[in-house]
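Q: next one to model:
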Amino acid sequence: MTHLRGIKPAISPDSSALTKAPAAPKQLSAFARAEWKRIMPGLIERGIITRGDLGGVEDYCRARGLVREIEDGLRSSGEIDMKLCRLQDKAMQTARQLAAEYGLSPVSRARVGNAATDDDDSDNPLKVH
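A: Here you go, the predicted structure:
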């Protein structure tokens, strides 16, 4: 049995990837729609998003939108609401996890790049097989 604890498989382009970004779902908040519009071109360009992934991307955008909405609410109230701070922290954590799934963080983007340029390193004596 192989354990992959801490090791994520490389993200690679999908043969059924979308070639055009769909419109942001109408039920998303303004902040979440803005995030959708910000990230979708890069996801389409890298060829890693399929129709089946759109729900997860929507969840990522919803989490990022919630972070921004809570931040605006905290700033406008001028008070620290610990319940909202905890909710914001949870939304940030969820967004980070989903971002890693779709290559939206530096480390996960590097995994996408490594998958595309995986050369045979047979002449490298330090290469682990």
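
Q: and the closest residue to residue 20 other than its chain neighbours, what element?
A: Residue nearest to residue 20 in three dimensions, not counting chain neighbours: residue 44, with 6.8 Å by Cβ to Cβ, 6 or more residues apart in numbering. For every residue, glycine as well, the C-beta is placed using N, CA and C. Residue 44 is part of helix 30-46, with elements assigned from DSSP states H and E.

Q: for that helix, buried residues please.
A: Under the neighbour-count criterion of 16 or more other Cβ atoms under 10 Å, helix 30-46 has 31, 32, 33, 34, 35, 36, 39, 40, 43, 44, 46 buried.

Q: so what's residue 19 up against?
A: Shown in contact with residue 19 (Cβ atoms under 8 Å, 6 or more residues apart in numbering): residue 44.

Q: can you tell me the centre-most residue of this structure?
A: By Cα atoms, centre = their mean, the chain has its centre lying nearest to residue 99, at 1.9 Å.
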